[in-house]
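[1] Here's a sequence, model it:
(one chain, ligands or ions: 1)
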Amino acid sequence: MPETRDRLIIALDVDSASQAQQIVQAVGESFSTFKVGKQLFTAEGPQIVRDLVSSGKKVFLDLKFHDIPNTVAAAVRQASALRVDMLTVHASGGSKMLNAAAGAAGNNVLVLAVTVLTSLADEDLSEIGVAGNVQAQVLRLARLARASGIRGLVASAHEARELRHELGDDFAIVTPGVRPAGAAKGDQARVVTPADALRAGASHIVVGRPISEAPDPAQAAREILRELEGVFQVR
Ligand code: C5P
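    Sure, this is the predicted structure:
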């Protein structure tokens, strides 16, 4: 069972290593897992990952690999050599690719499968030749990932409940796109809070701008942590 603070992953969606390190410094020693995605990795390369790891941080490398099995396996081995904790692949790469990724990761790295990007709606799936709706496709790809040796998924909070039910407790569900309870105040739109995401079945949440752009990122991260701890107290 991870500590509650290890369930909060802070996204470093910035253009440079110096901006990334500023966020890491600003949130302070209490938080240890940071997501490096395409923006920062393309700007700075693997050195930013090495620097974070050597300073004791955990890295979630969110590059969403999608290629032939041999190429994805080779990339996963390189990520493993960088000592990242988690990385992402597209489940739509198919079972051979997923198997190759899981095999290359071994026990060192948790491979998370991305099912359907939240930017895609039913009509977008139809445009690329996928017959079912988003919900059916998410479930189909989640089952495929599990059957191919994958032990975690990236999923929206709206998908988390059904996926948790489907996949059981021993599966990581990492949920981005949440907004802290405080930030949601006065907002008419339906906002999923970090606590909502955990209640729905997420094992981890990813938070970017509500922390990185807060006047006091450490305070913002602590408030989210308190919110998450509240979920476990009422269980
Ligand atoms: O919106 P925020 O800054 O909190 O986003 C944090 C991270 O979550 C970003 O890296 C973004 O790419 C990712 N995200 C996602 N799917 C969403 C929303 C955000 O993967 N629906």
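[2] which helices and strands does the longest helix along the chain pack with?
    Taking DSSP state H as the criterion, the chain has its longest helix at helix 217-233. In this structure, helix 217-233 packs against strand 8-11, helix 17-27, helix 194-200, strand 204-207, helix 209-212, with contacts taken as 3 or more C-beta pairs under 8 Å, 6 or more residues apart in numbering; DSSP states H and E. All C-beta spots, glycine's among them, are computed from the backbone N, C-alpha and C.
[3] Go through the ones you listed and name the closest to residue 143.
    helix 194-200 (18.9 Å; C-beta to C-beta).
[4] residues making contact with the longest helix of the chain?
    4-5, 7-8, 10, 23, 26-28, 30-31, 180-182, 193-195, 198-199, 205, 207, 210-211, 214 (C-beta atoms under 8 Å, 6 or more residues apart in numbering).
[5] among the residues you listed, which ones are buried?
    4-5, 7-8, 10, 23, 26-27, 31, 180-181, 193-195, 198, 205, 207, 210-211, 214 (16 or more other C-beta atoms under 10 Å).
[6] Show me what from the chain comes close to the ligand.
    By C-beta under 6 Å from any ligand atom, the part of the chain that sits against the ligand consists of 11, 13, 35, 37, 118, 156, 176-177, 206-210.
[7] Scan those residues and report the most crowded one.
    Compared across the residues of the chain next to the ligand, residue 207 has the highest neighbour count, 24 neighbours, by other C-beta atoms under 10 Å.
[8] Next up, phi/psi of the residue of the chain found nearest the ligand, please.
    With C-beta to the nearest ligand atom, the shortest gap between the chain and the ligand falls at residue 208, namely 2.4 Å. Torsion angles at residue 208 (phi, psi; degrees, to the nearest 10) stand at phi -110, psi -100.
[9] returning to that earlier point: now the angle between helix 17-27 and the longest helix of the chain, please.
    60 degrees (axes from the mean of the first three to the mean of the last three C-alpha atoms, to 10 degrees).
[10] and helix 217-233, what's its mean pLDDT?
    Averaging pLDDT along helix 217-233 yields 92.
[11] swap in stretch 155-173?
    95.
[12] same thing with stretch 193-212?
    Mean per-residue pLDDT for stretch 193-212: 96.
[13] How far does it stretch from one end to the other?
    Distance across stretch 193-212, first residue to last, is 17 Å (C-alpha to C-alpha, to the nearest Å).
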